[in-house]
Structure formats: C-alpha cells, structure tokens
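J.: Need the 3D shape of this:
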Amino acid sequence: MTGASPNVERAGAYALFGLVFALAHPRQLWLGLGVIVFSAAGLELLQLVAVTRHARLADAAFKLSGGSLGLAIGVVVDRLIWRRTAEQR
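T.: Residues are numbered from 1 along each chain as shown. Here you go, the predicted model:
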C-alpha cells in the first residue's frame with residue numbers, strides 16, 4: 001500500500017501495465033486494449049466467487065481508465081522516440 005486511495009492505486013497499476021505493453025508491442029495496441037479489458041473484467045468477475053471479496057463496477061472502471069491512459073501515453077512516447085530517431089538519420 002502506498003497510502004493513496006485504492007482507486008488511484010488500481011488506476012496507476014493498470015496505467016503502468018498499459019504503458020509497458022504499448023512500448024513493448026507498439027503494433028499490437030488492439031491486443032493490448034483487449035488484454036486490459038479482459039484482465040480488468042476477469043479479475044472483478046473472479047471476485048464474485050470469493051466470499052471475502054466484493055466485485056465492483058467502479059473498480060473495473062478505474063482499472064480500464066488507467067490501462068487506457070497508459071496505452072495512450074505509450075503511443076505518444078513511442079511516436080516521439082520514432083520521430084527523434086528519424087531526425088537523427
């Protein structure tokens with residue numbers, strides 16, 4: 001725990017997930033979005049079977065928004081890197 005709101009931690013973790021995926025696989029962004037959606041929804045649905053856990057739509061929304069933001073930032077960073085390397089040639 002970082003001391004931040006759990007929603008901020010969820011969004012931050014998925015943003016990092018999206019950023020790393022976008023930088024590692026810049027041509028597979030639709031796959032990355034699918035993985036983020038599937039993992040966020042899947043983890044929330046799996047909480048329905050655990051007695052001590054509670055699945056919440058809001059939690060999934062924070063995960064999805066963080067992951068999408070991370071993918072978007074990854075795309076921008078990737079494009080800036082490609083532009084810089086193209087200018088150096």
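J.: any idea which helix is longest in this protein?
T.: Criterion DSSP state H: the longest helix present in the chain is helix 57-88.
J.: Which strands or helices does that one pack on?
T.: helix 6-24, helix 29-46 (3 or more C-beta pairs under 8 Å, 6 or more residues apart in numbering; DSSP states H and E). Backbone N, C-alpha and C define where each C-beta goes, glycine included.
J.: so which of the ones you listed gets nearest residue 69?
T.: Residue 69 sits nearest to helix 6-24 of all the helices and strands packed on helix 57-88, at 5.2 Å, using C-beta to C-beta.
J.: tell me which residues of stretch 32-50 are tucked away?
T.: By neighbour count with 16 or more other C-beta atoms under 10 Å, stretch 32-50 contains the buried residues 32, 33, 35, 36, 40, 44.
J.: Next up, the contacts around the third one.
T.: To tie it back to what came earlier, the one meant is residue 35. Taking C-beta atoms under 8 Å, 6 or more residues apart in numbering, we find residue 35 in contact with residue 21.
J.: Repeat that for the fourth one.
T.: Contacts were defined as C-beta under 8 Å, 6+ apart; by that measure residue 36 touches 14, 17, 18, 21, 63, 64, 67, 68, 71.
J.: Name the member of these with the shortest distance to residue 7.
T.: The closest of the contacts of residue 36, once distances to residue 7 are taken by C-beta to C-beta, is residue 63, at 9.3 Å.
J.: related to what we said a few turns ago, quickly name whichever of the contacts of residue 36 is closest to residue 49.
T.: Of all these, residue 49 sits closest to residue 63, with 18.4 Å by C-beta to C-beta.
J.: how deep is the closest one tucked in, by neighbour count?
T.: As a burial measure, residue 63 scores 24 neighbours (other C-beta atoms under 10 Å).
J.: residue contacts, it?
T.: For residue 63, the contacting residues are 10, 11, 13, 14, 36, 39, 40, 43, 44, by C-beta under 8 Å, 6+ apart.
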